[in-house]
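Asks: Mind folding the following:
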Amino acid sequence: MHLKRILSAAILLPAFLLLVLYGTALHFFLLIAFAILIGLYEFYGMAKAGGWHPLTPLGMGCGVALSCIEFFGAPSPWLIAGVAGTIILLLIGLLGGTDQKEALLRGAITLFGLIYVGGLLSFPALLRSMELGRTYILYLVFVTWAGDTGAFYVGSTMGKRLLCPSISPRKTVEGSVGGLICSVVASGLARWWFWEGLGAIELVVMGVGLGVMGQLGDLCESMLKRSAGVKDTGVLIPGHGGLLDRVDSLLFTAPVLYVAVLAGWV
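Replies: This is a model prediction of the structure:
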């Protein structure tokens with residue numbers, strides 16, 4: 001397991017960094033749009049494994065459409081996507097021969113996947129399109145994944161007290177604390193390495209904030225997987241599982257950093 005995780009990271013991380021450093025914001029958006037497609041496919045597959053029946057093609061198409069609406073700056077993107085998605089889902093239930101007893105559940109699961117994956121995973125592309133986009137993405141990934149890695153290895157070697165056994169039998173208090181410390185340390189290293197404008201107070205606050213939100217994102221996906229009765233969302237990345245297993249923390253940390261940048265907190 002550990003060897004597969006390391007090998008996967010050794011292959012994928014350099015490619016990702018090259019794209020961030022030398023690619024344009026549009027190139028990064030295309031990567032995000034592709035990731036949204038895969039993530040929605042995994043999410044709806046997980047829902048099917050749990051006995052639900054989402055409208056997978058519709059949800060995947062709407063997910064990419066939502067990311068395009070956000071990235072290319074349409075006014076009120078969430079309002080547009082929400083209204084359009086709701087109307088389409090209702091029309092399919094009305095005209096598409098859907099079992100009326102399942103229409104609400106199918107529509108709700110499809111729409112939830114659209115927001116959870118398509119909506120939240122769009123924020124890294126929005127960050128990359130900003131003036132300091134490369135710096136924001138490097139910081140986001142560095143701090144988030146440092147927390148993930150720290151929580152995993154501290155928990156697997158030193159963990160004794162379960163953090164939330166009803167959701168995840170492997171996550172421990174020790175791993176959570178270790179991950180949080182690693183997030184703050186990574187935030188400090190980021191200031192020294194590539195983001196000199198990040199203040200001392202901000203680096204601590206953002207390190208703690210992203211660390212906490214990353215762990216909450218991880219726990220929320222564990223809750224969804226347990227609800228569906230699956231261990232992993234997929235098998236795309238050896239040692240990690242599916243794409244959603246790798247980006248679950250980013251789903252929560254990217255919006256937080258985006259709001260912090262817009263508000264001028266960093």
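
Asks: Show the contacting residues for E174.
Replies: V154, G155, M158, G159, K160, R161 (Cβ atoms under 8 Å, 6 or more residues apart in numbering). Quick note: C-beta positions are derived from backbone N, CA and C, even for glycine.

Asks: Drop anything exposed from those residues.
Replies: Neighbour-count burial (16 or more other Cβ atoms under 10 Å) applied to those gives V154, G155, G159.

Asks: isn't the last one right up against V177?
Replies: Just to be clear, that refers to G159. No - contact between G159 and V177 fails when scored by Cβ atoms under 8 Å: they sit 9.8 Å apart.

Asks: The stretch 151-266 of the chain: strands as residue ranges?
Replies: 162-164, 168-172 (DSSP state E, counting those that start in this stretch).

Asks: Let me have the ones you listed in TSV, extended by distance to P14 and mean neighbour count.
Replies: Compiled in TSV, these are given as follows (distance: least, Cβ to Cβ, whole Å; neighbours: other Cβ atoms under 10 Å):
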stretch	distance to P14	mean neighbour count
strand 162-164	32	17
strand 168-172	28	17
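
Asks: ok so, going back, list just the nearest of the contacts of E174 to S249.
Replies: Taking Cβ to Cβ as the measure, S249 sits nearest to G155 out of these, at 14.3 Å.

Asks: give the contact list for the residue lying closest to that closest one once chain neighbours are set aside.
Replies: Distance criterion Cβ to Cβ, 6 or more residues apart in numbering; nearest residue to G155, sequence neighbours excluded, is G175 at 2.3 Å. G175 sits next to G150, A151, F152, V154, G155, S156, M158, G159, L163 when contact means Cβ under 8 Å, 6+ apart.

Asks: at 6 Å what do you get?
Replies: A151, V154, G155, G159 (Cβ atoms under 6 Å, 6 or more residues apart in numbering).

Asks: Now stretch 230-250: buried residues?
Replies: By neighbour count on 16+ other Cβ under 10 Å, the buried set for stretch 230-250 is 230, 233-234, 236-237, 240-250.

Asks: typed the wrong thing, it's stretch 48-57
Replies: In stretch 48-57, counting by 16+ other Cβ under 10 Å, buried: W52, P54, L55, T56.

Asks: export the residues you listed to a markdown table and tack on secondary structure?
Replies: Formatted as a markdown table, these follow (DSSP: H, G, I helix; E, B strand; the rest coil):
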| residue | secondary structure |
| --- | --- |
| W52 | coil |
| P54 | coil |
| L55 | coil |
| T56 | helix |
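
Asks: quick one, phi psi at the residue nearest to V173 when sequence neighbours are not counted?
Replies: Leaving aside its chain neighbours, V173 sits nearest to R161 (4.4 Å; criterion: Cβ to Cβ, 6+ apart). The phi/psi pair for R161 (degrees, to the nearest 10) reads phi -100, psi 120.

Asks: Please tell me the pLDDT value assigned to R161.
Replies: We have a pLDDT of 88 for R161.

Asks: separation between I201 and R191?
Replies: Remark: distance between I201 and R191 (Cβ to Cβ, to the nearest Å) = 11 Å.

Asks: make that F252, sorry
Replies: Applying Cβ to Cβ, the value for F252 to R191 is 22 Å.

Asks: Tell me the buried residues in stretch 178-186?
Replies: G178, G179, L180, I181, C182, S183, V184, V185, A186.

Asks: tell me which of those residues is nearest to E221?
Replies: Looking across these and measuring by Cβ to Cβ, the closest to E221 is G179, at 15.1 Å.

Asks: Contact partners for the closest one?
Replies: G179 neighbours (Cβ under 6 Å, 6+ apart): G147, G150, A151.

Asks: most surrounded residue in those?
Replies: Neighbour counts for the contacts of G179, by other Cβ atoms under 10 Å, peak at G147, which reaches 31 neighbours.
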